[in-house]
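*Asks:* Structure, please.
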Amino acid sequence: MPASLHLPSLAGLSLVDIAGPPSDRSAAKNRAEQRRTVYATRAHTGRPDRASHEAGLKAQEDENRRIWAEYLRSTADAHAPDACPICQGDLLHNPTYPEQTLVCGHAFHEHCLVQWVDTPGDPEVKRLCPMCRKEDPWLSQLVEEQLPPPGHDRGVVLATVAQNGYALQYASLALQNDRDVVLAAVTQTGWALGYASTALRSNRVVVLTAVAQDGRVLRYASVALRDDHGIVLVAVTHNGNALQYASPALQNDRGIVLVAVGQNGLALRYASEALQSDIGVVLTAVTQTGRALQYASEALRNDRTVALTVVARSPNALADVSEALRSDRGVVLAATAQNGEALYYASEALQNDRDVVLAAVAQNGLALRSASGALQNDRDIVLIAVAQNGDALRYASVALGSDRDVVLAAVAENGWALRFAPMALRDDRDVVLAAMARNGRVLQFASVALRNEYGVQL
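*Replies:* Numbering: from 1, shown residues only. Take a look at the predicted model:
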């Protein structure tokens, strides 16, 4: 059978269309008789019901299949059984052209099938036997081998990276060097720049697109572009910490560094030593976050004016000033006025300073934990602390933690403080009732006797 011959589909064909001109008169007579029988039945019974209609369709389908099978047999008989249906060449005893038999039973020259699959056309059609259109695993494997891998198909890769830029890592080396493909990827996620070719990491448009999406990907740019003022400026505007990937020259550029620390004060750590000593740069950084002071020069961390400015905005920055300033009463008072727990970073001498500790616990009772042992045993300080935050009871001395007035003050502020009271006071009806007045669930911390007492359970 010539390679261009395609057998017709059954869909929409009548029996006569399938069988061709009726050379067999008896077969034609039988078909005509069947049609007359159907027409006579319809005339006698009228419109058939659904079941009869479906039965009739099935019978007609079975008949179509029978005639199609006869047609295939007649076609096979018309050609020599040892001939390749594609080229009509001899199939038998031909070592030059080996035979390939498909699962449907049709045999072809192997090279004829390979040439047929190689011809332009729908790959899905090439999975089917050229004779009967039955899918064949050998042909399917041949088609799969002919198809380009997904990572090599430009259209597939473009569509994929537009949805997920990270997919660029699975593209072929050629496509990782394709400007349009890489641009689509870095537009979706700047981190895709890490999978681009070396050449495209030196492409200004590609890198600009990437850092505008996420400044931190400046790390993947070429050395030359990490020294590009425009690119670095875009990167630090998006993420100040991108400054760490800038060239040393730009880490010493005051304009670049000001933008970086304004976006993230902690980027001060990547600035040059000269700019870490620049009071304007440092104040910009600590205004964004007080913890940036830790990256300032030693001179500025020991500058009282800078320290007072910083702790007033970010009390915990007291941890980053010089040791001398942590012993400065004015600096520590400024910090604890904003957050009493900054007392934790003060010198031991100031943690034992009654006025400093009073100021701290008045702002936050939990600052009592940083007070000296002597002041944790100071009744006035402890009463102020538990009145501000009942949980400060846990940091009082053993003696004051067992003081009924102190415990009553604590549970009056926070019923849950009952869990820090000694067992003797958990058996005190007035103490437990005061705690339950704040939160009934604290009954669980009362003594067994009071938990079982009806009046207290109410």
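
*Asks:* How about L418: what's its closest non-neighbour residue?
*Replies:* A435 (4.2 Å; CB to CB, 6 or more residues apart in numbering). Quick note: C-beta positions are derived from backbone N, CA and C, even for glycine.

*Asks:* Same check on N364?
*Replies:* Nearest residue to N364, sequence neighbours excluded (CB to CB, 6+ apart): G340, at 3.3 Å.

*Asks:* Please look at that neighbour and A362 and confirm they touch.
*Replies:* Yes: in this structure G340 lies within contact range of A362 using CB atoms under 8 Å: 7.2 Å.

*Asks:* Show me which of these two is the more surrounded one.
*Replies:* Neighbour count, other CB atoms under 10 Å: between G340 and A362, G340 has more, with 26 against 17.

*Asks:* residues touching the more buried one, list them.
*Replies:* 359-367 (CB atoms under 8 Å, 6 or more residues apart in numbering).

*Asks:* While we're on it, how confident is the model there?
*Replies:* At G340, the predicted lDDT confidence score is 90.

*Asks:* Check the spacing between it and E323 real quick.
*Replies:* 21 Å (CB to CB, to the nearest Å).

*Asks:* now W116
*Replies:* To E323, W116 is 86 Å away according to CB to CB.

*Asks:* Between those two, tell me which one has more neighbours.
*Replies:* Using other CB under 10 Å, the more surrounded residue of W116 and E323 is W116, with 16 against 9.

*Asks:* May I have the secondary structure class of that one?
*Replies:* Following DSSP: H, G, I helix; E, B strand; the rest coil, W116 is assigned to helix.

*Asks:* Would you confirm that it contacts P85?
*Replies:* No: checked against CB under 8 Å, the pair W116 and P85 is beyond contact range at 10.5 Å.

*Asks:* what residues do those two have in common as contacts?
*Replies:* Common contact partners of W116 and P85 (CB under 8 Å, 6+ apart): P130.

*Asks:* low-confidence ranges in the stretch 51-200 of the chain?
*Replies:* Along the stretch 51-200 of the chain, segments meeting pLDDT under 70 span 53, 65-81, 93-96, 145-152.

*Asks:* Which stretches in it count as strands?
*Replies:* Per DSSP state E, counting those that start in this stretch, the stretch 51-200 of the chain carries strands over the ranges 99-101, 107-109.

*Asks:* Those strands: which one's closest to D228?
*Replies:* strand 99-101 (60.2 Å; CB to CB).

*Asks:* Would you mark the buried spots in that closest one?
*Replies:* Counting neighbours by 16 or more other CB atoms under 10 Å, one finds that the buried residues in strand 99-101 are Q100.

*Asks:* quick one: strands adjacent to it?
*Replies:* strand 107-109 (antiparallel) (DSSP bridges).

*Asks:* ok, and what's touching the partner strand?
*Replies:* Residues from elsewhere that reach strand 107-109 (CB under 8 Å, 6+ apart): 84-87, 89, 91, 94, 97-102, 130.

*Asks:* let's see 7 Å
*Replies:* With CB atoms under 7 Å, 6 or more residues apart in numbering as the test, strand 107-109 has contacts from 84-87, 89, 91, 97, 99-101.

*Asks:* just to revisit the earlier point, save the contacts of G340 as CSV, and put in pLDDT and secondary structure too.
*Replies:* Below are these laid out as CSV (pLDDT from 0 to 100; DSSP: H, G, I helix; E, B strand; the rest coil):
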residue, pLDDT, secondary structure
A359, 93, helix
A360, 94, helix
V361, 94, helix
A362, 94, helix
Q363, 93, helix
N364, 94, coil
G365, 94, helix
L366, 94, helix
A367, 94, helix
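
*Asks:* Farthest-apart pair in those residues, please.
*Replies:* A359 and L366 (14.1 Å).

*Asks:* what about the two, which has more around it?
*Replies:* The neighbour comparison of A359 against L366 (other CB under 10 Å) goes to L366, with 20 against 17.

*Asks:* tell me the contacts of A417?
*Replies:* Contacts of A417 (CB under 7 Å, 6+ apart): 390-391, 393, 410-411.

*Asks:* meant to ask about A224
*Replies:* By CB under 7 Å, 6+ apart, the contact set of A224 is S202.

*Asks:* Please report the confidence value the model assigns to it.
*Replies:* 95.

*Asks:* From P130, how far off is it?
*Replies:* 58 Å.

*Asks:* repeat for V117
*Replies:* From V117 across to P130, the span is 10 Å (CB to CB).

*Asks:* Those two - which one has more neighbours?
*Replies:* With neighbours defined as other CB under 10 Å, V117 and P130 compare such that P130 has more, 22 against 18.

*Asks:* Quick check, the more buried one in contact with T119.
*Replies:* No: using CB atoms under 7 Å, P130 is not in contact with T119, being 11.1 Å away.

*Asks:* re earlier: of the contacts of A417, which is the most crowded?
*Replies:* Neighbour max across the contacts of A417 (other CB under 10 Å) = A410, 33 neighbours.

*Asks:* Which secondary structure elements does whichever strand or helix holds it sit against?
*Replies:* Using DSSP states H and E, A410 sits within helix 404-413. Judged by 3 or more CB pairs under 7 Å, 6 or more residues apart in numbering; DSSP states H and E, the packing partners of helix 404-413 are helix 379-388, helix 429-438.

*Asks:* Give me the contact list for the last one.
*Replies:* If you take CB under 7 Å, 6+ apart as the criterion, helix 429-438 is touched by 407-408, 411-412, 414-415, 418, 421, 425-426, 442-443, 446, 450, 456.

*Asks:* I'd like the distance between the nearest residue to Q169 once chain neighbours are set aside and A296.
*Replies:* Closest residue in space to Q169, ignoring its immediate chain neighbours: Y195 at 4.3 Å, by CB to CB, 6+ apart. According to CB to CB, Y195 stands 38 Å off from A296.

*Asks:* ok, those two, which is more surrounded?
*Replies:* Between Y195 and A296, counting by other CB under 10 Å, A296 is the more crowded of the two (28 against 21).

*Asks:* close enough to count as contact, that one and L275?
*Replies:* No: using CB under 7 Å, A296 is not in contact with L275, being 9.9 Å away.

*Asks:* And L243, how far from E298?
*Replies:* 21 Å.

*Asks:* burial measure for the nearest residue to Q376 once chain neighbours are set aside, as a count.
*Replies:* Nearest residue to Q376, sequence neighbours excluded (CB to CB, 6+ apart): S397, at 5.0 Å. Using other CB under 10 Å, S397 is surrounded by 17 other residues.
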